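>>> Pasting the sequence and the predicted model now:
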Amino acid sequence: MDIKEYIQSGVIESYVLGLASAEEVIELEKLSMQYVEVRDAIDAFSQLIMRQLSEDAVVPPAEIKQQLLDKLADEFEQPKTPVLPINNLTAIPGEKTSGKVIKMVSLKAWRNVAAAAILLLLVSAALNFYYYNNYKQSTTKYQALLAERNTLQASNDDYHQTLNIIHDSTMHIVRMPGVPGKQDNMATLYWDTKTKDVYVYANTLQQIPKGKQYQLWALVDGKPVDAGVIANCNGICKMKNIPRAQAFAITLEKEGGSPSPTLTAMYVFGKV
Amino acid sequence: MPEKKQSIPIMAGTPNKYTESELVTLLKERQQNAFGYLYDNYSGSLYSVILSIITDRDLASDVLQEVFVKIWRQIETYDATKGRLFTWMMNITRNASIDTLRSKGYQNNQQNRELTDAVYESVGSVSTNTDKIGLRQLVYKLKQEYRVLVELAYFQGYTQEEISKIMDIPLGTVKTRLRSALIQLRELVKP
């Protein structure tokens, strides 16, 4: 194809004026991409027409501009300062311009900022939720620890008391070894000679099944006297006050104790 | 831009010149200043295009508004690789004018016109003579057979196929004759 001929054929003018057929447009746009002469020819004629029309311009009625600005008001991005072209930095004489290039952030950029802010907020909210959960769990654990500490404190106090008691010089110690057949068992009884308080310590007593409990007896003039059931005490257990006794024994009774001992269920026995 | 008789108005606070690509960028960023600049610099040219097709001034004003709204809202469709911004705007303007011309409302208000000078001159009192406006004054100087073609194609908006039917001449002839007409028109434009 002779490009020069093509350019001079009138198709360029036809295209610029919007008179070219669909096929002519397709062909021309293809050639325009291939040949800079075609592009230049299009541009040259476009400028000619633009100049011609500018020379014969007819000023439209004055109110049209404002009507347009009002109509499109919602569609404008309003800059707060004048927008200057990047390549025109010289100040217009007589005008107070700073001469700086002020880059305006477009609506699009603000939308991105808003999106980022919302994202950060969501992330922060999620973290808050997570941390609060952790905090709640920690608080629960802490409370549990406190309770355990209190318990331990209490049992520690018990043990302290036990030591005090057994090292008291007014304490009478009665060893209570296991009876025949139950030699593995052993208990120690502490009898305060002044107050007559009785304390018992289960060194080794067989583990008892549910529903049963060990009971202490004081043998007074051949008759057994209930000295109390042995509870789950830390260290030594305080039993009933016994003014007089010749011996002590521990039997396994039902839970809560019984009024008279089951002699066949005796475990330990000790003479005063 | 070359020196012209009409001066480009300078708005306070805005620069006196944007390059076309700067203007397009700012329009796409929806800057009001860019729209104002566009109007100030091109409304006159585009108005003359409308007036060469629509004789009624009030209607022409409506079309001008319609055109600027279209340009503003369709700016994303402007493809700089296909030509200049002004060419694109000019074609939007011409098409909008022809659509209005062909609309039922317009047809009902106007009498049927013949494509002769006499008709235009006779109604000069009611509406503006279009034959001195825009490209019309150049087309006026064309050879008769060329003038009719350009009249039908450019100012009336008929396709080459439709012209071929109206004038009962082969499509190929329409094509070559139109091209020749435009070559001659171009000669008239040159200073």
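Happy to help now that I have it. Here the structure is a predicted model, which is why all the values come from computation and not from measurement.

>>> ok, now how distant is residue A:32 from residue B:75?
Residue A:32 is 22 Å from residue B:75, where distance means CB to CB, to the nearest Å. In this view, the C-beta of every residue, glycine as well, is placed from N, C-alpha and C.

>>> Actually, residue A:3.
Distance from residue A:3 to residue B:75, counting by CB to CB: 32 Å.

>>> anything in the lowest-mean-pLDDT helix or strand in chain A sitting right up against chain B?
Within chain A, confidence by mean pLDDT, DSSP states H and E is lowest for helix A:107-166 among all helices and strands, at a mean of 86. Yes - using CB under 8 Å from any CB of the partner chain, helix A:107-166 reaches chain B at A:107, A:108.

>>> Could you check the angle the helix or strand just after that helix makes with helix A:107-166?
Scanning forward in sequence from helix A:107-166 by DSSP states H and E, the next helix or strand is strand A:171-177. Counting by axes from the mean of the first three to the mean of the last three CA atoms, to 10 degrees, strand A:171-177 lies at 100 degrees to helix A:107-166.

>>> Which strands and helices lie in contact with strand A:171-177?
Strand A:171-177 sits against strand A:186-192, strand A:247-254, strand A:266-271, with contacts defined as 3 or more CB pairs under 8 Å, 6 or more residues apart in numbering or on different chains; DSSP states H and E.

>>> low-confidence ranges in chain B?
B:1-16, B:104-131, B:190 (pLDDT under 70).

>>> in the stretch 1-150 of chain A, which segments are predicted with low confidence?
Scanning the stretch 1-150 of chain A for pLDDT under 70 picks out the ranges A:78-106.

>>> Could you pull out the helices in it for me?
A:3-7, A:11-16, A:22-34, A:36-55, A:63-71, A:107-166 (DSSP state H, counting those that start in this stretch).

>>> Pipe those helices into TSV and attach mean neighbour count per row.
Listed next are those as TSV, based on neighbours: other CB atoms under 10 Å in any protein chain shown:
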stretch	mean neighbour count
helix A:3-7	14
helix A:11-16	26
helix A:22-34	14
helix A:36-55	18
helix A:63-71	13
helix A:107-166	11
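
>>> Nearest spatial neighbour of residue 177, chain-adjacent residues omitted?
Answering for chain A, as no chain was given. residue A:186 (5.8 Å; CB to CB, 6 or more residues apart in numbering or on different chains).

>>> looking at chain B here, not the other one
Closest residue to residue B:177 apart from its sequence neighbours, by CB to CB, 6+ apart: residue B:149 at 5.7 Å.

>>> center of the chain, which residue is that?
Just going to use chain A. residue A:130 (2.1 Å; CA atoms, centre = their mean).

>>> Chain B is the one I meant
Centroid-nearest residue in chain B: residue B:49, 3.2 Å away (criterion: CA atoms, centre = their mean).

>>> From what I see, it and residue B:134 are in contact.
Yes - Residue B:49 lies in contact with residue B:134 (CB atoms under 8 Å); the separation is 5.3 Å.

>>> Residues that sit against both of the two, list them.
residue A:53 (CB atoms under 8 Å, 6 or more residues apart in numbering or on different chains).

>>> where's residue B:46, which helix or strand?
Per DSSP H and E, residue B:46 falls inside helix B:32-51.

>>> ok now whatever helix or strand comes next after that helix, how far from the chain's centre?
Per DSSP H and E, the first helix or strand lying C-terminal to helix B:32-51 is helix B:57-73. In terms of CA atoms, centre = their mean, to the nearest Å, the centre of helix B:57-73 is found 12 Å from the chain centre.

>>> list the buried ones in helix B:57-73?
By neighbour count on 16 or more other CB atoms under 10 Å in any protein chain shown, the buried set for helix B:57-73 is B:57, B:59-68, B:71-72.

>>> Now render those as TSV, adding distance to residue A:8.
TSV is the format used below for the buried residues of helix B:57-73 (distance: CB to CB, whole Å):
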residue	distance to residue A:8
B:57	39
B:59	38
B:60	35
B:61	39
B:62	40
B:63	34
B:64	35
B:65	39
B:66	37
B:67	32
B:68	35
B:71	32
B:72	37
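
>>> and the residues you listed near chain A, which?
Contacts with chain A within those, as defined by CB under 8 Å from any CB: B:61, B:64, B:65, B:68, B:72.

>>> quick one, what contacts the fourth one?
So the one you mean is residue B:68. Contacts of residue B:68 by CB under 8 Å, 6+ apart are A:68, B:35, B:38, B:39, B:43, B:46.

>>> How much space separates it from residue B:35?
Counting by CB to CB - residue B:68 and residue B:35 are separated by 8 Å.

>>> Spell out which residues are contacts of both of those two.
Joint contacts of residue B:68 and residue B:35 (CB under 8 Å, 6+ apart) are residue A:68.

>>> show me where chain B has helices.
B:20-28, B:32-51, B:57-73, B:85-102, B:104-109, B:117-122, B:136-139, B:144-150, B:160-166, B:171-189 (DSSP state H).

>>> State the distance from the residue nearest to residue A:204 when sequence neighbours are not counted to residue A:201.
Using CB to CB, 6+ apart and skipping the chain neighbours, the partner closest in space to residue A:204 is residue A:186 (5.0 Å). Using CB to CB, we find residue A:186 at a distance of 9 Å from residue A:201.

>>> Wait, a helix at residue A:214?
No - under DSSP: H, G, I helix; E, B strand; the rest coil, residue A:214 sits outside any helix and is assigned strand.

>>> In contact with residue 189, which residues?
All of this is about chain A. Contacts for residue A:189 (CB under 8 Å, 6+ apart) come out as A:173, A:174, A:175, A:176, A:198, A:199, A:200, A:201, A:216, A:248, A:270.

>>> not quite, I wanted chain B
Residue B:189 sits next to A:48, A:49, A:52, B:138 when contact means CB under 8 Å, 6+ apart.

>>> Surely residue A:225 is within a helix?
No - assigned with three-state DSSP, residue A:225 falls outside any helix and is strand.

>>> Settle this for me: it is touching residue A:218, isn't it.
Yes - counting by CB under 8 Å, residue A:218 is a contact partner of residue A:225 at 4.5 Å.

>>> Which of these two has more residues huddled nearby?
More neighbours surround residue A:218 than the other of residue A:225 and residue A:218, with 24 against 17 (other CB atoms under 10 Å in any protein chain shown).

>>> Please name the nearest non-neighbouring residue to the more buried one.
Closest residue to residue A:218 apart from its sequence neighbours, by CB to CB, 6+ apart: residue A:245 at 3.8 Å.

>>> Do I have it right that that neighbour meets residue A:217?
No - in this structure, residue A:245 is not within contact of residue A:217 by CB under 8 Å, at 9.0 Å.

>>> got any residues that touch both of those two?
With CB under 8 Å, 6+ apart, residue A:245 and residue A:217 have common neighbours residue A:225.

>>> Counting neighbours, go ahead and name the busier of these two.
Between residue A:245 and residue A:217, counted using other CB under 10 Å, the more crowded position is residue A:217 (24 against 21).
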